[in-house]
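[1] Sharing a sequence plus its predicted fold:
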Amino acid sequence: MRPLSDRRARIVFVSAIAMATLPGLSAAPVAAAVIAQESGSSVCAPETNDVHSTARGGPKREPHLKQTAVEVTRSAKSSAGFSATVRVHFHVVYAGNVGNISKKIIDDQITVLNNTFAGGEGGPKTGFKFVLASVDRTKNKTFFNAGPETAQEKAMKTKLHKGGRDVLNLYSTSGAGYLGWAYFPNLSDEELYLDGVVMDWKSMRGASTAYQGQYDQGEAATHEVGHWLNLYHVFEGCADPGDYVADTPPQSVPSSGCPVGKDSCPDKPGLDSIHNYMDYSFDQCYFKFTLGQRQRMQDAWEALRANG
């Protein structure tokens with residue numbers, strides 16, 4: 001991973017982009033979860049779904065899906081000393097000669113996850129470590145182009161999904177026009193086959209030049225794994241409760257590029273979190289989660305994922 005100073009030097013300024021986001025399906029609570037209350041907003045910011053990037057030919061960020069997260073009680077195990085190892089099952093789905101990424105690119109994507117979740121770019125250590133458990137390859141055009149909430153997605157994941165709630169299934173596909181999507185950790189047992197992250201293979205470091213200077217550092221996966229660990233976007237609106245994290249300033253619209261000084265809630269304290277992995281900035285602009293986001297991810301892990 002290139003050093004933070006180099007990342008900042010390569011920041012690109014552009015006008016506003018996309019929005020949209022995550023998960024669909026009912027958000028039935030998991031039996032193992034200790035639920036304090038159910039959140040009232042969906043994973044996507046309101047009224048901004050499915051907007052394209054302003055970069056010509058750029059991808060949409062995420063699909064507009066309907067799943068909501070659940071709020072869990074603070075875990076006694078969540079702290080600066082928290083540690084969790086997440087086993088990753090990596091599913092390479094390709095069509096013809098397109099998307100059949102190398103093992104080196106897969107290994108590098110795991111390195112990106114470990115670096116970003118360990119605070120390697122400037123944020124706090126979250127305590128999460130990712131270990132590649134398996135790689136499988138599937139040549140299937142229908143699966144490669146499977147979109148969210150479709151029969152094709154169901155068929156792909158029914159065939160390929162492995163493990164329980166405590167393992168991460170990563171699907172490398174065309175993205176169906178999106179950089180990726182993920183599901184919150186509170187899927188019902190019947191929906192569990194959907195759990196995991198789908199990502200556009202071109203967003204991984206070294207895989208393609210299609211998104212060069214924009215979404216080419218593997219951090220679309222960091223963003224999606226944030227959702228997988230129960231994080232909302234930082235741009236959930238100016239009014240409370242926003243993203244349910246106290247140390248992310250109120251923000252009403254997603255960012256694009258790296259718009260330093262952006263303030264979409266001028267009547268509230270703090271500038272927009274353009275450097276936060278849960279905004280929609282370019283990869284070169286990202287470098288942190290916050291302490292509050294760390295707490296939320298750890299609490300969700302203990303309540304919803306740690307026991308499989």
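    Cool, the structure landed.
[2] Show me the shaky parts of this protein.
    1-58 (pLDDT under 70).
[3] mind listing the strands for it?
    Under the criterion DSSP state E, the chain contains strands at 35-42, 68-72, 84-94, 128-139, 167-173, 180-182, 197-200.
[4] residues contacting the nearest residue to residue 245 once chain neighbours are set aside?
    Counting by Cβ to Cβ, 6 or more residues apart in numbering, residue 245 lies nearest to residue 292, which is 4.0 Å off, once chain neighbours are set aside. C-beta: built from backbone N, CA, C; applies to glycine. For residue 292, the contact set (Cβ atoms under 8 Å, 6 or more residues apart in numbering) comprises 245, 246, 247, 248.
[5] Buried residues, stretch 246-254. List them.
    Neighbour counts over stretch 246-254 (16 or more other Cβ atoms under 10 Å) mark 248, 249, 250, 251, 252, 253, 254 as buried.
[6] quick one on the thing from earlier: so which of the contacts of residue 292 would you say is closest to residue 77?
    Proximity of the contacts of residue 292 to residue 77 (Cβ to Cβ) peaks at residue 245, which lies at 18.9 Å.
[7] Contact partners for that closest one?
    Contacts of residue 245 by Cβ under 8 Å, 6+ apart are 231, 232, 234, 290, 292, 293, 296.
[8] most tightly surrounded among the strands of the chain?
    Mean neighbour count, computed with mean count of other Cβ atoms under 10 Å, is highest for strand 180-182 among those, reaching a mean of 29.
[9] Note down every partner strand of it and its orientation.
    Paired with strand 180-182 in the same sheet, following DSSP bridges, are strand 197-200 (antiparallel).
[10] Residue 126: neighbour count?
    24 (other Cβ atoms under 10 Å).
[11] Which parts of this protein are helices?
    Residue ranges of the helices in the chain, as given by DSSP state H, are 4-9, 103-117, 141-144, 151-160, 219-228, 291-300.
[12] could you dump those to JSON lines with distance to residue 208?
    Shown next, in JSON lines, are the helices of the chain (distance: least, Cβ to Cβ, whole Å):
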{"stretch": "helix 4-9", "distance to residue 208": "19"}
{"stretch": "helix 103-117", "distance to residue 208": "10"}
{"stretch": "helix 141-144", "distance to residue 208": "14"}
{"stretch": "helix 151-160", "distance to residue 208": "21"}
{"stretch": "helix 219-228", "distance to residue 208": "12"}
{"stretch": "helix 291-300", "distance to residue 208": "29"}
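[13] isn't residue 170 right up against residue 222?
    No: using Cβ atoms under 8 Å, residue 170 makes no contact with residue 222, being 11.7 Å away.
[14] Got phi/psi on the spatially closest residue to residue 253 that is not a sequence neighbour?
    Closest residue to residue 253 apart from its sequence neighbours, by Cβ to Cβ, 6+ apart: residue 264 at 4.8 Å. Torsion angles at residue 264 (phi, psi; degrees, to the nearest 10) stand at phi -90, psi -10.
[15] OK, contacts around residue 264?
    235, 238, 251, 252, 253, 272.
[16] measure it to residue 274 for me?
    10 Å (Cβ to Cβ, to the nearest Å).
[17] And for residue 140?
    The value you get for residue 140 to residue 274, if Cβ to Cβ is used, is 38 Å.
[18] ok, these two, which is more surrounded?
    Taking neighbours as other Cβ under 10 Å, residue 140 and residue 274 compare with residue 274 leading, 23 against 17.
[19] Test my guess that the more buried one contacts residue 280.
    No: in this structure residue 274 lies outside contact range of residue 280 using Cβ under 8 Å: 9.2 Å.
[20] shared neighbours of the two, anything?
    The contact lists of residue 274 and residue 280 share residue 255, where a contact means Cβ under 8 Å, 6+ apart.
[21] wait, what's in contact with residue 293?
    126, 226, 231, 245, 247, 248, 276, 278.
[22] mind running it again at 7 Å?
    Counting by Cβ atoms under 7 Å, 6 or more residues apart in numbering, residue 293 touches 231, 245, 248.
[23] okay, now residue 76: neighbour count?
    Residue 76, neighbours per other Cβ under 10 Å, totals 7.
[24] hang on, the earlier thing: looking at the helices of the chain, which is closest to residue 84?
    Using Cβ to Cβ, the nearest of these to residue 84 is helix 291-300, at 7.7 Å.
[25] Could you export that closest one as CSV, CA atoms only?
    Extracted C-alpha coordinates of helix 291-300, given in CSV (Å, rounded to 0.1, in the frame of the first residue of the first chain):
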residue,chain,number,x,y,z
LEU,A,291,-13.1,5.4,16.8
GLY,A,292,-16.9,5.4,16.8
GLN,A,293,-17.1,3.3,13.7
ARG,A,294,-14.6,0.9,15.2
GLN,A,295,-16.8,0.5,18.2
ARG,A,296,-19.9,-0.1,16.1
MET,A,297,-18.1,-2.8,14.0
GLN,A,298,-16.8,-4.6,17.0
ASP,A,299,-20.2,-4.5,18.7
ALA,A,300,-21.8,-5.9,15.6
